[in-house]
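Engineer: A structural model of the following input is requested.
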Amino acid sequence: MLKSLKSVVDSVDASGQAGLSERARRALEQYRRRAQLASTTVLVVALAVVAIVGGVSIFNLNNPTALKAAGTGLGLTLGGALILLRGIWKDWNYVNLLLVLVEDASDSQIKGLFDKLKRKL
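Structural biologist: Numbering: from 1, shown residues only. The predicted structure is shown next:
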C-alpha cells in the first residue's frame, strides 16, 4: 500500500536535523517511484476491466441482463479507479515540486518547507 505524502514528510522530518536535504530527496524519490508504480497498476487493471467488459458485452449482445450487469460493474470500477488515480497523481505532482525545491535548499529551508506542508496536508 502506498503511504501518504504526509507520512513521508513526517518520517523525514522526525529523523533528526543533520543531513535533512539528502534524506528528504531520497524519501521523496522513493515515494515518487511507488506512486508511479501504483498509478500504472491501477491504470492497467482499469484497462483490463474495460477489455473484459467489452468482450463480455460483445458475446452477450442478446442478453440485456448481462449487458446491464457489465455496464454497472464497469461504471463502479472506473469511477473508483479514477478517484484513486486522482489522489495518486496529486501527491505525485506535489512530490515533483518538492524535489525541485529540495534540490538546492539548505536543511533549515527544507525544515521550514516541510513544516508548512505538514500543516496543509
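
Engineer: Could you find the closest non-adjacent residue to the residue nearest the centre of the chain?
Structural biologist: The residue lying closest to the centre of the chain (C-alpha atoms, centre = their mean) is Ile88, at 1.9 Å. Distances taken as C-beta to C-beta, 6 or more residues apart in numbering place Ser39 nearest to Ile88, at 4.7 Å, with adjacent residues excluded. (C-beta placed from N, C-alpha, C; glycine too.)

Engineer: Buried residues, the host helix or strand of the one you found. List them.
Structural biologist: Ser39 is part of helix 20-59 when elements are defined by DSSP states H and E. Judged by neighbour count using 16 or more other C-beta atoms under 10 Å, the buried positions of helix 20-59 are 20-21, 23-25, 27-28, 31-32, 34-35, 38-39, 42, 46, 49, 53, 56.

Engineer: any idea whether the residue sitting furthest away from the middle of the chain is helix, strand or coil?
Structural biologist: Here the chain reaches farthest from its C-alpha mean at Asn62, the gap being 39.6 Å by C-alpha atoms, centre = their mean. Following DSSP: H, G, I helix; E, B strand; the rest coil, the label given to Asn62 is coil.

Engineer: Please report phi then psi for it.
Structural biologist: With angles defined as degrees, to the nearest 10, Asn62 sits at phi -90, psi 0.

Engineer: Asn63 now?
Structural biologist: Main-chain torsions, Asn63, degrees, to the nearest 10: phi -120, psi 100.

Engineer: now swap in Asp104 and tell me
Structural biologist: phi -120, psi 20.

Engineer: tell me how far the host helix or strand of Lys68 is from the chain's mean position?
Structural biologist: Per DSSP H and E, Lys68 falls inside helix 64-102. Put simply, helix 64-102 sits 9 Å off its chain's centre (C-alpha atoms, centre = their mean, to the nearest Å).

Engineer: Understood, closing this out.
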